[in-house]
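Engineer: predicted coordinates and the sequence they were generated for:
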Amino acid sequence: MANFSVITISREVESYGDEIAERLSQKLKMELLDKEKFASLLRDISPQFSTEPPEDEREREHWIREVRSFLSQRASQKPFILVGRGGQKILENCPFTFHILVVASQITRLRRTMEKYQQDEVTASRILAERDQQRERFLRQTFGVDWRDPVHYHLVVNTDFYGINEATDLILEAQDRVVTPPPQKMGERPLFPREDLGQKTTFSHPSEEEFARVLDFYGVRWLYEPRTFPLEWDEEGELTEAFAPDFYLPDFDLFIELTTQKQKLTRKKNRKVKKLRELYPQVKIRVVYARDYEYILSHLKGEGNE
């Protein structure tokens, strides 16, 4: 069992995330921090401290560190629930924090929007799409995070199947049942053990398999297409384009996109890589072009002939 002094709640629009946060606050006697209260709290750091994350990457990283330190100190004195504001990113990997994502289907959220604003389906769809895009844009551009990825959370609750009271009870029970993994000691089995990497992998192109052998030759650990990044959404918030880089090198925290095509045929990949960098500025990615790939292979062949 783990004890949490902070709960972060990320939620889709009209998923009942705000209502669940309020109910949890009442049951746990924890302070509820929404957008306005969070901004007011940050002013306690200093009157000049920005209540919004800076656009500059270095300044933003410093801002996150300052806010994380401030919230950690406050949590030790007064537990709280943080709704939105990138809490899952600001307080990621903090052992005292329990992260929740509340979702619901598009149909359910549309129905709730129609009821809440007393609008027809067309108008409600527009309202829902605009609010979805606004939230998506804030989290992508500010924190470079795919906030709907369940890996960021202890628990994901779908309110298609749970009411506010039932969802609250579910969260309370899940919180009590969290098992904190023991810290890994030096010399123990690594996060990505060698035998787990590259085994029984089906590659899309022979060049990828050959490149994997190059990485093996140098003892570089790799994962093949381990993550897909959403890149574009339509007006209804549905995903229309995504990108899965070919390799991830965990020791370097680096994604590799391999292309052995001629330069004039790489525009599409370059466009996706550029968009990925814009949407996820904290993700490191490099493109290995045909000329780079050929140089690596010729270099290895030269070594083999020595």
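Structural biologist: Sure, I can see it.
Engineer: any stretches of the stretch 151-300 of the chain with poor pLDDT?
Structural biologist: Scanning the stretch 151-300 of the chain for pLDDT under 70 picks out the ranges 180-200, 260-265, 290-300.
Engineer: and the helices in it, which stretches?
Structural biologist: Counting by DSSP state H, counting those that start in this stretch, one finds helices in the stretch 151-300 of the chain at the ranges 164-176, 206-217, 267-279, 290-305.
Engineer: adding mean neighbour count, write the ones you listed out as a markdown table.
Structural biologist: Every residue, glycine included, has its C-beta placed from N, CA and C. Compiled in a markdown table, the helices of the stretch 151-300 of the chain are given as follows (neighbours: other C-beta atoms under 10 Å):
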| stretch | mean neighbour count |
| --- | --- |
| helix 164-176 | 16 |
| helix 206-217 | 15 |
| helix 267-279 | 15 |
| helix 290-305 | 12 |
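Engineer: just put these in a markdown table and tack on distance to P79.
Structural biologist: Conversion of these to a markdown table gives the following (distance: least, C-beta to C-beta, whole Å):
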| stretch | distance to P79 |
| --- | --- |
| helix 164-176 | 12 |
| helix 206-217 | 46 |
| helix 267-279 | 33 |
| helix 290-305 | 52 |
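Engineer: of all those, which one is nearest T142?
Structural biologist: Smallest distance to T142 across these (C-beta to C-beta): 11.0 Å, for helix 267-279.
Engineer: ok, what's across the strand from the nearest residue to L33 once chain neighbours are set aside?
Structural biologist: In space, and not counting its chain neighbours, L33 is closest to L82: 4.9 Å by C-beta to C-beta, 6 or more residues apart in numbering. For L82, the beta-bridge partners are T8, L33 (DSSP bridges).
Engineer: okay, now the residue nearest to P79 when sequence neighbours are not counted: neighbour count?
Structural biologist: Spatial nearest neighbour of P79, chain neighbours left out: S5 (4.3 Å); criterion: C-beta to C-beta, 6+ apart. Neighbourhood size, S5 [other C-beta atoms under 10 Å]: 19.
Engineer: list the contacts of S5.
Structural biologist: If you count contacts by C-beta atoms under 8 Å, 6 or more residues apart in numbering, S5 has them with A75, S76, P79, F80, F96, T97.
Engineer: separate out the buried members of those.
Structural biologist: For the contacts of S5, a burial check counting by 16 or more other C-beta atoms under 10 Å picks out A75, P79, F80, T97.
Engineer: please flag which of those sit within strands.
Structural biologist: Among those, the members falling in strands (DSSP state E) are F80, T97.
Engineer: on that earlier part again, pLDDT score assigned to the residue nearest to P79?
Structural biologist: Note on S5: pLDDT of 86.
Engineer: list phi and psi for it.
Structural biologist: Dihedral angles of S5 (phi, psi; degrees, to the nearest 10) stand at phi -100, psi -10.
Engineer: domain boundaries for the protein, per the record?
Structural biologist: Recorded structural domains for the chain (assignment: automatic domain parsing) are 6-176, 194-305.
Engineer: follow-up on the earlier one: show me what contacts the residue nearest to L33?
Structural biologist: Shown in contact with L82 (C-beta under 8 Å, 6+ apart): V6, I7, T8, I9, L33, F38, L71, L91.
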